[in-house]
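**Student:** next input, structure requested:
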Amino acid sequence: MRHPRGRRTGGGGGAFTRCHGVVPTARFKDFNFKLVVIEQLMYVDEKLTPQFSLAGLLKEKGLGDDTWEYAQKHDLAYRVVSEARAYLESLELGDELLAGVEELRVDGGNRVYRKCAPVWDGEDGLFDVTSLEDLALLPNLRRVLGSELLGPDLAGVLESRDIAADQGLPGGSC
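**Tutor:** Here you go, the predicted structure:
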């Protein structure tokens, strides 16, 4: 199956197989902001496929498939599992795909966070967005839900770009 960013979806565990097509891709400066974008594209809009599976990735690498046990055994409680970080940092998001993002949800319950840190309760700053420099990568972004989690400085950046900064999420966590 051809992925909209010029990649083919691959086999076990959600791995991507690189294609040699020319697809313009964006470079994110803030990993946590990229995770919010991945959440929208992969788990909400389902335009970025296949969905990332840390269990599948660990299994492919011969490291087992119990993410909680892996995190505990390697002293990764309340931290991002390095294999997840490496995979998601290298995940290429094409300009065309990013142009389709009109809304983001900032929420401690984002599924991508559970994939990155299987032993995490959402009560610390592990996934705090610290910069909105990457907003330029989302030319059609119109609304950010849960913007109160960004802090007053960053919420002001949204307003200056005419992006609606909605506090709270409709219907609770995603």
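**Student:** low-confidence stretches in this structure?
**Tutor:** For the chain, the stretches with pLDDT under 70 are 1-26, 168-174.
**Student:** residues in contact with stretch 75-85?
**Tutor:** 31, 52, 54, 57-58, 61, 63, 67, 70-71, 74, 115-121, 124, 126 (CB atoms under 8 Å, 6 or more residues apart in numbering). For glycine as for every other residue, the C-beta is placed from the backbone atoms N, C-alpha and C.
**Student:** can you do 6 Å?
**Tutor:** Around stretch 75-85, the neighbours that count as contacts under CB atoms under 6 Å, 6 or more residues apart in numbering are L54, L57, A71, C116, A117, V119, W120.
**Student:** and these, which is closest to L41?
**Tutor:** Compare each of those with L41 using CB to CB and the shortest gap goes to C116, at 15.4 Å.
**Student:** okay, now that closest one: neighbour count?
**Tutor:** Applying the criterion other CB atoms under 10 Å, we find 26 residues in the vicinity of C116.
**Student:** which residues touch it?
**Tutor:** C116 sits next to V80, A84 when contact means CB under 6 Å, 6+ apart.
**Student:** need the distance between the two termini of stretch 145-155.
**Tutor:** Distance between the boundary residues of stretch 145-155 (CA to CA, to the nearest Å) amounts to 11 Å.
**Student:** the residue nearest the centre of the chain and S90, how far apart?
**Tutor:** By CA atoms, centre = their mean, the chain has its centre lying nearest to L35, at 2.2 Å. Between L35 and S90 the computed distance is 13 Å (CB to CB, to the nearest Å).
**Student:** kindly report the same for R111.
**Tutor:** Relative to S90, R111 is positioned 19 Å away (criterion: CB to CB).
**Student:** between those two, who's got more neighbours?
**Tutor:** Of the pair R111 and S90, R111 is the one with more neighbours under other CB under 10 Å, namely 17 against 9.
**Student:** all helices for the chain, in order.
**Tutor:** Counting by DSSP state H, the segments of the chain that form helices are 31-38, 54-60, 67-73, 82-90, 95-99, 111-116, 152-160.
**Student:** buried residues in the fifth one?
**Tutor:** Meaning helix 95-99. For helix 95-99, the buried set under the neighbour-count rule, 16 or more other CB atoms under 10 Å, comprises L97, L98.
**Student:** pull the distance from it to the chain's centre.
**Tutor:** 15 Å (CA atoms, centre = their mean, to the nearest Å).
**Student:** repeat that for the second one.
**Tutor:** Between the centre of helix 54-60 and the centre of its chain there are 17 Å (CA atoms, centre = their mean).
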